[in-house]
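> Task: produce atomic coordinates for the following.
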Amino acid sequence: MTEPGPRTLDVRVGSATNALTPVSAAERSLAATPGHWLGLAAVVLAALTADQLTKRIVSSLLHAPIESAREAGDDGTALRDLFRLP
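This is a model prediction of the structure:
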């Protein structure tokens, strides 16, 4: 009888000896870096600035007709006509 040749190691990419252990070819940290935090802070700052600017613009546009009507002694009919209120 002849002896079998040397046994070769069967290695498969992405496989593990334990089926419950996940195998990852590329491992990397999922933690946020300082650059990520800086980017988040920039987005938050831009959102807050846009919010305050929008509030200021809308407030000035809404108060202008009301104040001018009060100064003119209007009883509200001009304001009602401006916004077409019943």
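
> quick one: secondary structure of Thr8?
coil (DSSP: H, G, I helix; E, B strand; the rest coil).

> For the chain, give the helix that spans the most residues.
Of all the segments of type helix in the chain, defined by DSSP state H, the longest one is helix 34-71.

> Now do that one: which elements does it pack against?
Helix 34-71 sits against helix 77-83, with contacts defined as 3 or more Cβ pairs under 8 Å, 6 or more residues apart in numbering; DSSP states H and E. (Glycine included, C-beta is placed from N, CA and C.)

> I'd like the average pLDDT over the helix it packs on.
What helix 77-83 shows for mean pLDDT is 62.

> Roughly how far does Leu61 sit from Lys55?
11 Å (Cβ to Cβ, to the nearest Å).

> Show me the shaky parts of this structure.
Counting by pLDDT under 70, the chain shows low-confidence ranges at 1-5, 9-26, 63-86.

> change it to 90
Counting by pLDDT under 90, the chain contains low-confidence residues at 1-30, 56-86.

> And for Ser59, the neighbour number?
10 (other Cβ atoms under 10 Å).

> For it, which residues are in contact?
Listed by Cβ atoms under 8 Å, 6 or more residues apart in numbering, Ser59 has no contact partners.

> Sounds good, over and out.
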